[in-house]
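1. give the three-dimensional model of this entry:
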Amino acid sequence: MYFYSVFPVRAFRLVGIFTLTDKTKALCVTAVRVCALGYLFIGGNVAYQGIFQALGSGVRSLIVSLLRLIVIALPLAYLLAVTAPKLIWWAFPIAELGALICAVLMMRRVRAQLGLAKSSAEPALKTAKANI
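-> You can find the predicted model right below:
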């Protein structure tokens, strides 16, 4: 959590390492601050991707990856670049959030298919034993 709160605040110092014009520095600081918000969702996405792979749902893992990197991010970045160039960096946190929402919904379906309970590991143990 420390990273998420300090990184955007220290963005100017981070960007200051590079020799840039003042205008470029301002753009970079904005990009760092906005993209840092996406890190809040990246962890969940990566965790769900690993869970899907572990449960034998590699296609769902691929879907989450494609959503966050291509399906949502690229068209949204293009749309924002054309309509509101200053907002282009918001495409990345929005894509991460959209992919996370889809991952949560897919996980609900996987739980229902595998008979996993939300509050207990008991059904998961029965499923694991049945698969052995």
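
2. distance check, the residue lying closest to Gly58 once chain neighbours are set aside against Leu67.
-> Of all residues not flanking Gly58 in the chain, Phe52 sits nearest, at 6.8 Å (Cβ to Cβ, 6 or more residues apart in numbering). C-beta: built from backbone N, CA, C; applies to glycine. To Leu67, Phe52 is 12 Å away according to Cβ to Cβ, to the nearest Å.

3. list the contacts for Gly38?
-> Neighbouring residues of Gly38 by Cβ atoms under 8 Å, 6 or more residues apart in numbering: Phe92, Pro93, Ala95, Glu96, Leu97.

4. JSON lines for these, including secondary structure?
-> JSON lines is the format used below for the contacts of Gly38 (DSSP: H, G, I helix; E, B strand; the rest coil):
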{"residue": "Phe92", "secondary structure": "helix"}
{"residue": "Pro93", "secondary structure": "helix"}
{"residue": "Ala95", "secondary structure": "helix"}
{"residue": "Glu96", "secondary structure": "helix"}
{"residue": "Leu97", "secondary structure": "helix"}
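
5. in JSON lines: the residues you listed, plus neighbour count.
-> Converted to JSON lines, these look like this (neighbours: other Cβ atoms under 10 Å):
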{"residue": "Phe92", "neighbour count": "24"}
{"residue": "Pro93", "neighbour count": "19"}
{"residue": "Ala95", "neighbour count": "24"}
{"residue": "Glu96", "neighbour count": "25"}
{"residue": "Leu97", "neighbour count": "18"}
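
6. which of the helices or strands spans Lys23?
-> Per DSSP states H and E: Lys23 is located in helix 22-54.

7. list the buried residues in that helix.
-> Burial within helix 22-54, assessed by neighbour count using 16 or more other Cβ atoms under 10 Å, is assigned to 25, 27-30, 32, 34-38, 41, 44-45, 48-49, 52.

8. give the rounded mean pLDDT of that helix.
-> What helix 22-54 shows for mean pLDDT is 87.

9. centre of the chain to it, how far?
-> Mean-position distance between helix 22-54 and its chain equals 7 Å (Cα atoms, centre = their mean, to the nearest Å).
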